[in-house]
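Engineer: dropping the sequence and predicted coords here.
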There are 2 protein chains.
Amino acid sequence: MTKPRSRRGGGRPTIADVASKAGVGAITVSRALREPGRVSEDLRRQIQAAVDELGYVPDPNARALASARAEVFGVLVPSLTNNVFAEVVRGIYDSLSNSPFRIQIGNTHYSGLEEERLLQVFGSQRPAALIVAGIDQTPSARRLLENAGCPVVQVMETGPDPVDMMVGFSHFDGGRTATEHLLEAGYRKIGFIGARMDPRSQRRLAGYRAAMEAAGLFDARLITTTPVPSSVTLGRELFRDALAKMPTLDGVFCNNDDIALGVLFECHRASIDVPKQIGIVGFNDLDMMQVSFPSITSVRTHRYEIGTRAVALALAAIAGNRPEQRIADLGFELVRRESTAR
Amino acid sequence: MTKPRSRRGGGRPTIADVASKAGVGAITVSRALREPGRVSEDLRRQIQAAVDELGYVPDPNARALASARAEVFGVLVPSLTNNVFAEVVRGIYDSLSNSPFRIQIGNTHYSGLEEERLLQVFGSQRPAALIVAGIDQTPSARRLLENAGCPVVQVMETGPDPVDMMVGFSHFDGGRTATEHLLEAGYRKIGFIGARMDPRSQRRLAGYRAAMEAAGLFDARLITTTPVPSSVTLGRELFRDALAKMPTLDGVFCNNDDIALGVLFECHRASIDVPKQIGIVGFNDLDMMQVSFPSITSVRTHRYEIGTRAVALALAAIAGNRPEQRIADLGFELVRRESTAR
DNA sequence: GCCCTATATGGTAGCGCTACCATTTGTCTG
DNA sequence: CAGACAAATGGTAGCGCTACCATATAGGGC
């Protein structure tokens, strides 16, 4: 009744082909591939030979269907072009490149609704683990994560109430540290310039505010923000706005390095001396911060490591040994450079 | 014999649940979801109601297994952090966000072998389409693409011999145009500075060389390259090397904008006047080129559009109307700015 | 009125793999 | 040396879905 070879499959070898070639049952081939320890040395060799000869590659879809578990890591980030998330994603890829796991990335465009929709889609695949950026999921997204039935790692920042596990650092502390550094360097009229203003930016702003209030120097007019996505061009424009509003400005904590670079360029153009007239601090410490002229002080964050650590935690949880510490705070470092050395 | 509800599936509703709730056959539900036109208005409504009520989401793995075709676009890029590819990938994501297709990205790390390996892995999933960066696949990678049994789009550059379809532009022409612009502006000792030197960089270099030779000004000592990945820091270092080697240098065509920015910063630091003493041209025209001081002339490339166009071509091919023109040349534009205006 | 065709729906049989249980064999106890 | 038990292997029955074919009904031409 059955046709000689699958009528739909396009003729690629299946596990049954390998089994008959090796003279064993299909299930033994399956085991030899997934849990080699449970198959005798002899058969393992025969099976491997048959696999090599036929060029057999297991079908991940059939595997996922039969085992009710796909070998997929779902990753949700708000942006694909923002270097910060690109680095995290790169860390994830590098950590999984020698594993059987595939990666599925979703771009939420900083939208909670889009995040919910993608979690729904991802959930339908029964992923092996989920890695999501941020800790500000909508209630319904949070429920989806809790019921995902797989390890979940929230990355980029730390907070008090993880869905499952967390890898990141405190953006509030980062913002405060950057501002305190400007204060210690003697700057007084320190502005905050930020674009996009996602939850992490908001917390950096809160850190800035805490430092300024502690010094008795806070003034709401020092803050210049926009919901528009960040760019170097925008940094320049926002700085001009800030100066127009507050001509006595003598320092700026920039929400990120793109903004900081825009500020630096505008200072060049307007012949404002950095660091004498204006001190600049960026955030993330991209490569260019150390080369710019003058070089720019920035808060270095460990983005690649956030990706690798998130994968390590997820893999441990999959293997059954969930780590003791569910929250990994990777911290940050203030890197002092010429832009604040007066 | 059968347990009341799937023992493995975790209790999520299946197509059979929807079918019995709507009082129709499972196959009709399947059709209503995939080809609504073939199901009567009445049933379609009943089925939709059942789907909504149960919160049914089709299992993509079962679907892929049964139809021997996964709703997945495989995307192969050499880097995840390089802004150029990130933009292409963003274009792909945005174009597919309202389609049933998922996206699977592979990072080849600029390695042909890794590309082969990933094509093997991707192939095992029977993707709906493949989008790969570059036109320099190894022979065996090319064979995998030809036998993929799905539309294939090579992106980033154009060439004479597409596997299937192509979207990009001529890097040779880009390099030549940039160099000719420097020549027209009166620069004579024009250097080429490049990092990574992947095939596209090589072709830009070839374009530079063609222009220099045509002007009778070519000199191998004007070329400074390294296989090291590109960065702003590296741009600065390479420029110093170039100057040490050839102190009379009066212009540079930089393989990309990161390098160009590094060159600009070094000029600031060494008090070299741009554009009077040195003219600078970058490649790709990142946002920051227009804001830097002085602003930097660059070759604008249409990266996001490459992504969207590649998806459009692939979707057309999937729908059965393969475009007449298999090669889409999106061109580039030289954007003249202060760094070459003397 | 008959046959032909088009449209709408359903039943059956897998897709390629693994969970579950059964069977076989070898080894160790007392 | 019987009985117990672990290790190695296999058979069967699905996982949730769709391709393929069959069936039913409604119209259209002569």
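Structural biologist: Cool, the structure landed. Numbering: from 1, shown residues only, chains lettered A, B, ... in the order given.

Engineer: any idea of the mean pLDDT for stretch A:19-36?
Structural biologist: Mean per-residue pLDDT for stretch A:19-36: 92.

Engineer: scratch that, stretch A:73-92
Structural biologist: Per-residue pLDDT values over stretch A:73-92 give a mean of 97.

Engineer: ditto for stretch A:272-285
Structural biologist: Mean per-residue pLDDT for stretch A:272-285: 98.

Engineer: how far off centre is that stretch?
Structural biologist: Relative to its chain's centre, stretch A:272-285 lies at 27 Å (C-alpha atoms, centre = their mean, to the nearest Å).

Engineer: how close does A:V77 sit to A:L130?
Structural biologist: From A:V77 across to A:L130, the span is 12 Å (C-beta to C-beta, to the nearest Å). (C-beta placed from N, C-alpha, C; glycine too.)

Engineer: same question for A:H181.
Structural biologist: Separation of A:H181 from A:L130 (C-beta to C-beta) stands at 36 Å.

Engineer: these two: which is more packed in?
Structural biologist: Neighbour totals were compared for A:H181 and A:L130, and A:L130 leads with 27 against 20 (other C-beta atoms under 10 Å in any protein chain shown).

Engineer: strand partners of the host helix or strand of the more buried one, parallel vs antiparallel please.
Structural biologist: A:L130 belongs to strand A:129-133 when assigned by DSSP states H and E. Using DSSP bridges, the strands paired with strand A:129-133 are strand A:72-77 (parallel), strand A:152-157 (parallel).

Engineer: can you list the ones you listed in JSON lines and add mean neighbour count?
Structural biologist: Shown next, in JSON lines, are these (neighbours: other C-beta atoms under 10 Å in any protein chain shown):
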{"stretch": "strand A:72-77", "mean neighbour count": "26"}
{"stretch": "strand A:152-157", "mean neighbour count": "26"}
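
Engineer: so which of those gets nearest B:P160?
Structural biologist: Nearest of those to B:P160, taken as C-beta to C-beta: strand A:72-77 at 37.4 Å.

Engineer: what sits up against the closest one?
Structural biologist: By C-beta atoms under 8 Å, 6 or more residues apart in numbering or on different chains, the list of residues contacting strand A:72-77 from outside reads A:64, A:85, A:88-89, A:92, A:96, A:101-108, A:115, A:118-119, A:122, A:125, A:127-133, A:311, A:314.

Engineer: residues of the helix or strand following the strand holding A:L130 that come out buried?
Structural biologist: Next in sequence after strand A:129-133, counting helices and strands by DSSP H and E, comes helix A:139-146. By 16 or more other C-beta atoms under 10 Å in any protein chain shown, the buried positions in helix A:139-146 come out as A:141-142, A:144-145.

Engineer: just stretch A:92-110 next, same as before
Structural biologist: Neighbour-count burial for stretch A:92-110 flags A:92-96, A:101-110 (criterion: 16+ other C-beta under 10 Å).

Engineer: so the helix or strand hosting A:Q120 versus strand A:72-77, what angle?
Structural biologist: Following DSSP H and E, one finds A:Q120 within helix A:112-123. Orientation of helix A:112-123 against strand A:72-77 (axes from the mean of the first three to the mean of the last three C-alpha atoms, to 10 degrees) gives an angle of 170 degrees.

Engineer: identify all contacting residues around helix A:112-123.
Structural biologist: Residues from elsewhere that reach helix A:112-123 (C-beta under 8 Å, 6+ apart): A:74, A:76, A:104, A:106-108, A:130, A:132, A:136-138, A:140-141, A:144-145, A:148, B:57, B:102.

Engineer: excluding its backbone neighbours, what's nearest A:R102?
Structural biologist: Nearest non-adjacent residue to A:R102, counting by C-beta to C-beta, 6 or more residues apart in numbering or on different chains: A:V72, 5.0 Å away.

Engineer: same deal with A:A129?
Structural biologist: Excluding the flanking residues, the one nearest A:A129 by C-beta to C-beta, 6+ apart is A:A314, at 3.9 Å.

Engineer: I'd like the distance between the residue nearest the centre of chain A and A:P78.
Structural biologist: Central residue of chain A (C-alpha atoms, centre = their mean): A:V88, 3.9 Å from the mean position. According to C-beta to C-beta, A:V88 and A:P78 sit 11 Å apart.

Engineer: buried sites along the strand or helix carrying A:A32?
Structural biologist: A:A32 belongs to helix A:26-34 when assigned by DSSP H and E. Buried positions in helix A:26-34, judged by neighbour count with 16+ other C-beta under 10 Å: A:28-33.

Engineer: what helices or strands is it leaning on?
Structural biologist: Helices and strands touching helix A:26-34, by 3 or more C-beta pairs under 8 Å, 6 or more residues apart in numbering or on different chains; DSSP states H and E, are helix A:15-22, helix A:41-54.

Engineer: out of the buried residues of helix A:139-146, which comes closest to B:D42?
Structural biologist: Nearest to B:D42 among the buried residues of helix A:139-146, counting by C-beta to C-beta, is A:L144 at 32.9 Å.

Engineer: next up, the contacts around the closest one.
Structural biologist: The neighbours of A:L144, taking C-beta under 8 Å, 6+ apart as the test, are A:116, A:119-120, A:123.

Engineer: out of the residues you listed, which end up buried?
Structural biologist: Using 16+ other C-beta under 10 Å as the burial test, these include A:116, A:119, A:123 as buried.

Engineer: a markdown table please, covering the residues you listed and showing pLDDT and distance to A:A195.
Structural biologist: Compiled in a markdown table, the buried ones among the contacts of A:L144 are given as follows (pLDDT from 0 to 100; distance: C-beta to C-beta, whole Å):
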| residue | pLDDT | distance to A:A195 |
| --- | --- | --- |
| A:E116 | 95 | 25 |
| A:L119 | 95 | 27 |
| A:G123 | 90 | 32 |
